[in-house]
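Undergrad: only geometry, no sequence info:
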C-alpha cells in the first residue's frame, strides 16, 4: 500500500512511518524541514526504495499541489493527517491571542482538509482508501471537564466535525478520527505516560484493520470509542 503521512519528521508521525515501512508499504512523508529530520533521513537510507521525503508546509496549497504533481497518477491508499501544533496552554483566557487561534486552526484544522482535498484524486484510485485524522481527546466536547487550551481544543473539535462530514459524503473512503493518547513528544511533554512508538503501534493496528464499519468513528489508539 501507499501511505502519505504529514508531520513525519518526528514523534508519532515518524513512528507511523517506520511501522508502515516495516510492514513493507511505501511511504510519502511530508516534512516542513527535511534537513532537520535526522532520524527520518537515517530511515531513508535503510528504505531508499520505499520512502520518499517531500519538503512541504501542510498549510500551503502551493506546496501540496507541487507534491501532488510529482506523484501524478500514483494511487494513495492511506492519508494520515498527523501534523499538528499546540500554541496555547492553561494560561489566563484574557491572554489568548487572535494570532494563536488563527495559527492553530491553520495547521490543526485547515491543513488536514486541504491535504485531503488535494490528494483526493489519488485516493479515489485506491480500492481500499483511508483518511486518518490524528486528533485529540481534548477535542471532545463531552469529555471536556478541565477547560483551558481554547485554541487547541476548538481546532481539534472542528477537525472532528470535518472527519464526520467527510465520512458521510465519501462513503467509499474509510475515515477515522484517532486520539493517540497522551504521548511523550514535544507537544505532550516529558510527563506523558506513553512513548511515541507505543502509541504508533496501536494506531497502526487500528488503521490497518479498520473496515467500513469503523468509518466516521472517533477512536483512541487502542480502538476504543470516544464520545464526541
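TA: That came through fine. Here the structure is a predicted model, which is why all the values come from computation and not from measurement.

Undergrad: Looks like residue 174 contacts residue 211 (just checking).
TA: Yes - using Cβ atoms under 8 Å, residue 174 is in contact with residue 211, at 6.8 Å. In short, each C-beta sits where N, CA and C put it, glycine included.

Undergrad: More neighbours: which of these two?
TA: When neighbours are counted by other Cβ atoms under 10 Å, residue 174 and residue 211 differ, and residue 174 comes out ahead with 22 against 9.

Undergrad: quick check: longest helix of the protein.
TA: helix 150-169 (DSSP state H).

Undergrad: For residue 66, give me its contacts.
TA: residue 56 (Cβ atoms under 8 Å, 6 or more residues apart in numbering).

Undergrad: So for the helix or strand where it lies, mean pLDDT?
TA: Using DSSP states H and E, residue 66 sits within helix 61-71. Mean pLDDT, computed over helix 61-71, is 98.

Undergrad: Quick check: closest non-adjacent residue to residue 93.
TA: residue 150 (6.9 Å; Cβ to Cβ, 6 or more residues apart in numbering).

Undergrad: how about the longest helix of the chain: buried residues?
TA: Residues of helix 150-169 classed as buried by neighbour count (16 or more other Cβ atoms under 10 Å): 151-160, 162-164, 166-167.

Undergrad: Look up how far residue 150 lies from residue 88.
TA: 6 Å (Cβ to Cβ, to the nearest Å).

Undergrad: hey, what's in contact with both of those two?
TA: residue 96.

Undergrad: And the residue nearest the centre of the chain, how far from residue 104?
TA: Residue closest to the average C-alpha location in the chain (Cα atoms, centre = their mean): residue 82, at 1.9 Å. Using Cβ to Cβ, residue 82 is found at 16 Å from residue 104.

Undergrad: and if you look at residue 186?
TA: 15 Å.

Undergrad: between the two, which one's more packed in?
TA: The residue with more neighbours, out of residue 186 and residue 104, is residue 104; 23 against 11, by other Cβ under 10 Å.

Undergrad: Figure out how far the helix or strand hosting that one is from the centre of its chain.
TA: Using DSSP H and E, residue 104 maps to helix 98-105. Remark: helix 98-105 is offset 19 Å from the chain centroid, using Cα atoms, centre = their mean, to the nearest Å.

Undergrad: which residues does residue 163 contact?
TA: 131, 133, 135, 175-177, 216, 218.

Undergrad: Among these, which lie within strands?
TA: 131, 133, 175-177, 218 (DSSP state E).

Undergrad: Nearest to residue 13, out of those: which one, please.
TA: residue 133 (13.0 Å; Cβ to Cβ).

Undergrad: Any buried residues in stretch 196-208, and which?
TA: Buried, per 16+ other Cβ under 10 Å, within stretch 196-208: 196-200, 202-204, 206-207.

Undergrad: On the pLDDT front, check residue 126 for me.
TA: Residue 126 is given a pLDDT of 98.

Undergrad: make that residue 143, sorry
TA: Predicted confidence (pLDDT) for residue 143: 96.

Undergrad: Tell me the secondary structure at it.
TA: Using DSSP: H, G, I helix; E, B strand; the rest coil, the structure places residue 143 in coil.

Undergrad: Phi first, then psi, for it.
TA: phi -90, psi -10 (degrees, to the nearest 10).

Undergrad: mind starting the numbering at 258 from now?
TA: Sure, I'll start numbering at 258, so the last one becomes residue 400.

Undergrad: So what's the residue count around it?
TA: Residue 400, neighbours per other Cβ under 10 Å, totals 15.

Undergrad: what does residue 368 give?
TA: By other Cβ under 10 Å, neighbour count at residue 368 equals 24.
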